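Participant: only geometry, no sequence info:
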């Protein structure tokens with residue numbers, strides 16, 4: 001039995017493999033299943049472990065598995081022995097005897113990597129504090145459906161240099177677009193992920209001026225200012241400090257007007273209108289966030305099929 005096909009981060013794949021996953025996902029979206037097989041996961045089960053809240057990841061993966069003929073089991077850390085001290089390694093070993101793949105949505109990247117080291121079935125990254133590869137696969141699919149190949153285009157990020165920004169950095173290296181990041185100096189992406197991408201030849205620039213980043217861009221992207229982990233746990237003073245740092249990076253109509261006239265706006269959701277983006281932008285004609293959300297379902301069908309079928 002060969003090594004399991006994990007889907008952990010975009011930097012672990014070459015471009016052709018990632019393109020292959022997207023091609024499979026689009027085929028299922030168009031109701032043209034590869035090899036005519038609409039149910040490649042028949043008889044297979046995905047265990048989904050959620051240590052963080054989720055709407056899109058949970059629903060899109062569960063629906064995707066079922067539409068591909070398989071089944072899904074929803075688990076949380078509080079409903080399993082993970083919440084009572086069992087190690088990630090032991091959980092991985094046990095679940096590997098029961099199911100055909102494991103989805104983990106967790107905090108630290110280290111927990112994801114530990115799961116993958118000890119599982120004998122594929123492990124899929126459903127989000128960590130460092131990266132969110134399933135989302136950016138859907139984002140690339142969505143951009144290309146609306147505007148054609150993303151290679152050579154300009155993507156502008158305005159906001160926190162968080163896990164989504166980290167995966168956009170990896171995507172710039174793999175899908176060959178220019179990435180301009182506008183972030184406060186205190187909230188720039190991790191140096192190691194930037195160094196990796198630049199070592200791969202990615203064209204990435206960082207500025208503290210969102211107007212500079214967005215001018216002439218083909219796609220403008222942002223994300224929430226306070227992560228789900230920080231919303232309740234951080235002191236109010238800390239949250240207010242983040243808001244003050246990020247307020248100049250809000251995507252509003254004025255900022256969008258600096259992008260190309262046919263530029264699109266993307267946001268992984270959930271959104272806080274009036275904070276990272278104004279209502280007129282996210283609900284406006286340049287926004288493709290609802291197609292982006294739908295494509296989580298389709299891109300993940302490609303990922304699941306590659307991992308499990």
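Facilitator: Everything's here; your move. For clarity, every value in this text was computed on a predicted model and none was experimentally measured.
Participant: Mind checking what helix or strand follows the strand or helix carrying residue 19 in sequence?
Facilitator: For residue 19, the host element (DSSP states H and E) is helix 15-29. Later in the chain than helix 15-29, the nearest helix or strand by DSSP H and E is strand 45-50.
Participant: What pairs with that following strand, parallel or antiparallel?
Facilitator: Sheet pairing of strand 45-50 (DSSP bridges) gives strand 71-76 (parallel), strand 101-105 (parallel).
Participant: Mind listing what's buried along the first one?
Facilitator: The one in question is strand 71-76. 72, 75 (16 or more other Cβ atoms under 10 Å). Every C-beta, even on glycine, is put in place using the N, C-alpha and C of the backbone.
Participant: Show me how far it is from its chain's centre.
Facilitator: Offset of strand 71-76 from its chain centre (Cα atoms, centre = their mean, to the nearest Å): 20 Å.
Participant: just the angle between the next helix or strand after it and strand 71-76, please?
Facilitator: The first helix or strand that comes after strand 71-76 along the chain, using DSSP H and E, is helix 88-96. Angle of helix 88-96 versus strand 71-76, following axes from the mean of the first three to the mean of the last three Cα atoms, to 10 degrees, is 150 degrees.
Participant: which helices and strands sit right next to helix 88-96?
Facilitator: If you count contacts as 3 or more Cβ pairs under 8 Å, 6 or more residues apart in numbering; DSSP states H and E, helix 88-96 packs onto strand 101-105, helix 109-118.
Participant: Show me which parts of the longest one are buried, residue by residue.
Facilitator: What that stands for is helix 109-118. Quick answer for helix 109-118 (16+ other Cβ under 10 Å): 109, 111-116, 118.
Participant: Which strands or helices does that helix pack on?
Facilitator: Helix 109-118 sits against helix 88-96, strand 101-105, strand 123-125, with contacts defined as 3+ Cβ pairs under 8 Å, 6+ apart.
Participant: try it again with 6 Å
Facilitator: Helices and strands touching helix 109-118, by 3 or more Cβ pairs under 6 Å, 6 or more residues apart in numbering; DSSP states H and E, are helix 88-96, strand 123-125.
Participant: what is the orientation angle of whichever helix or strand comes after the shortest one with helix 15-29?
Facilitator: Going back to what we said before, that points to strand 123-125. Next helix or strand after strand 123-125 toward the C-terminus (DSSP H and E): helix 133-147. On the basis of the same axes, to 10 degrees, helix 133-147 is oriented at 70 degrees to helix 15-29.
Participant: Residues touching stretch 11-30, excluding its own?
Facilitator: Contacts to stretch 11-30, defined as Cβ atoms under 6 Å, 6 or more residues apart in numbering, come from residues 34, 141, 170, 174, 298-299, 301-303, 305-306.
Participant: what distance separates the helix holding residue 19 from the centre of its chain?
Facilitator: Helix 15-29 sits 16 Å away from the centroid of its parent chain (Cα atoms, centre = their mean).
Participant: any idea of the mean pLDDT in it?
Facilitator: Confidence for helix 15-29, expressed as mean pLDDT, is 98.
Participant: Also stretch 184-191?
Facilitator: The average pLDDT within stretch 184-191 is 96.
Participant: Likewise for stretch 155-168?
Facilitator: Stretch 155-168 carries an average pLDDT of 98.
Participant: After the helix or strand containing residue 165, which helix or strand is next? Please name it.
Facilitator: Taking DSSP H and E as the definition, one finds residue 165 inside helix 163-175. Downstream of helix 163-175, the first helix or strand assigned by DSSP H and E is strand 178-182.
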